[in-house]
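Novice: predicted model and sequence follow; I will ask about them next.
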Amino acid sequence: ALQDVELIDLTLRVYIDRINDLKEHDEVQYVHIIQNHGVQAGASLAHPHSQIFAIPFMPDRIRDELTGTRNYFEVNGACVYCEMILHELRVNERVVIDTPDFLVAAPYASKMPFELHILPKRHRASFHEMTISERKGLARVMRDVFSRLYERMRNPAYNYYIHTLPFGEARERKSYDDRNSYHWHIVVLPRVNIWAGFELGTEVYVNIISPETASKFFH
């Protein structure tokens, strides 16, 4: 929230450089990039910091997203995330930030209070394939998002993570091009609640703040 846009852009460049290196390693199936801030978000350091994980298997959560986006594309002939962007812009009830390159919205059926998703408007499956212009635009959007969290939620603990097209899936599936159906995105989770036995035991998440309320809060 307090960094210059240029420093955020440098961070994004580092993310991309690391992904481009790690994708050359056959044992790496997926690269997961996160940032933790605050004790409640599991941060191991006092200041906000990023971590990059090179994973030798496909996480179930990512596999589920791939399956869902493929199924939608096969039935409808379109990317479900692109459709979501058009829908959110048309309804305009959950939009937080709208720029030429990115949409920030409180997602329908959010699993956490004040959850936000950052979505590129141009269809891209892979985070590291952004143009320089898009990357700089994302840096400005992220500065705006985290400034709003800092000012309106008084510097809350948060996690964010990037979901991007896995390397392993592209190697395994030669008959299907996930580039058409998958769409990279960033999920921002302010940690204002604590998951207890119900959520952990059932993976059914209780959220008392509607996404429409969250969107109005950030405006």
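Specialist: Thanks, I have the structure now. Numbering: from 1, shown residues only.

Novice: the lowest-mean-pLDDT helix or strand in the chain: what's the following helix or strand?
Specialist: Lowest by mean pLDDT, DSSP states H and E among the helices and strands of the chain is helix 167-172, with a mean of 62. Toward the C-terminal end, the helix or strand that comes next after helix 167-172 (DSSP states H and E) is strand 185-190.

Novice: strand partners (parallel or antiparallel) of that next one?
Specialist: Next to strand 185-190 in the sheet, as set by DSSP bridges, lie strand 116-120 (antiparallel), strand 158-163 (antiparallel).

Novice: now do the same contact list for the nearest residue to D98 once chain neighbours are set aside.
Specialist: Once flanking residues are discounted, D98 sits nearest to L89: 6.9 Å by Cβ to Cβ, 6 or more residues apart in numbering. Where C-beta positions appear, they are placed from N, C-alpha and C, glycine not excepted. Contacts for L89 were tallied using Cβ atoms under 8 Å, 6 or more residues apart in numbering; they are 95, 98, 103.

Novice: for the helix or strand that L89 is a member of, buried residues please.
Specialist: Here L89 is covered by helix 80-91, with elements defined by DSSP H and E. For helix 80-91, burial by neighbour count (16 or more other Cβ atoms under 10 Å) applies to 80-82, 84-85, 88.

Novice: and the longest helix along the chain, how far out from the chain middle?
Specialist: Counting by DSSP state H, the longest helix found in the chain is helix 132-152. Relative to its chain's centre, helix 132-152 lies at 13 Å (Cα atoms, centre = their mean, to the nearest Å).

Novice: could you do stretch 73-91 as well?
Specialist: That offset, for stretch 73-91, works out to 17 Å (Cα atoms, centre = their mean).
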